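Undergrad: Here is the input, now give the coordinates:
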Amino acid sequence: MKRKKELVIALLPVLLIPLFPLVTGFYRRSVATHMPPCLFRFFFGIYCPGCGATHAVYSLAELDIPGALRNNAIIVGAAVLLVLCWFQNLLALFGRKKKILPTDDRFYLAAVGIALLYAVVRNFVPALAPV
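TA: Predicted coordinates:
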C-alpha cells in the first residue's frame, strides 16, 4: 500500500503539469489584475529578488524560456532544480538510485550566493531588469 501511495505521489506532477498553463492563464486574467505592485520596489525603488517572478512563471507556462530568463532567471533555475529533484526521486522509487543532483552543501550555498548576486546586479545592469 505504501509503495502504491509513493507511486501516485511521484506521478502526480505528470498529471498536474498539463494543467499549469490553464491555471496560470486563469490567474493572469482574473487574479493578477487585482494584485498590488511590488512593495519592495515601491518603497526602495530597486528590484527585489522576486521582481519579475510572476511573469517568469507565465513565460514558463507558455514554454517561453528566453522570456522567463528575461523576467527572472532565479525562477528558471529553481524550476530546473525542482524537475531534476523530482526525476531523481522518481528513479529511486523504481529502484534506480542515480545521483543527478549534488548532495554537497557547497553546491546549494553557491546556488543561493549566485541568486543573491544576480538579485543585486540586476539593479545595476539594465539588461537584467525584468521586462
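Undergrad: Okay, helices next: where are they in the protein?
TA: With DSSP state H, the ranges of helices along the chain come out as 2-16, 20-26, 39-44, 53-61, 65-71, 73-93, 105-121.
Undergrad: Out of those helices, which gets the lowest mean score?
TA: Of all the helices of the chain, mean pLDDT reaches its minimum on helix 2-16 (a mean of 81).
Undergrad: outside of that one, which residues touch it?
TA: 86, 89, 90, 93 (Cβ atoms under 8 Å, 6 or more residues apart in numbering). Every residue, glycine included, has its C-beta placed from N, CA and C.
Undergrad: So the residue nearest to residue 99 when sequence neighbours are not counted versus residue 20, what's the distance?
TA: Among residues not flanking residue 99 along the chain, residue 88 sits closest, at 7.2 Å (Cβ to Cβ, 6 or more residues apart in numbering). In this view, residue 88 and residue 20 are 21 Å apart by Cβ to Cβ, to the nearest Å.
Undergrad: same thing with residue 61?
TA: 5 Å.
Undergrad: For those two, indicate the residue with more neighbours.
TA: More crowded of residue 61 and residue 20, by other Cβ atoms under 10 Å: residue 61, with 18 against 14.
Undergrad: For that one, give me its contacts.
TA: By Cβ under 8 Å, 6+ apart, residue 61 lies in contact with 20, 21, 24, 25.
Undergrad: Out of the helices of the chain, the one nearest residue 128 is which?
TA: Across these, residue 128 has its closest neighbour in helix 105-121 (6.4 Å, Cβ to Cβ).
Undergrad: If you count neighbours, what's buried in that closest one?
TA: 118, 119 (16 or more other Cβ atoms under 10 Å).
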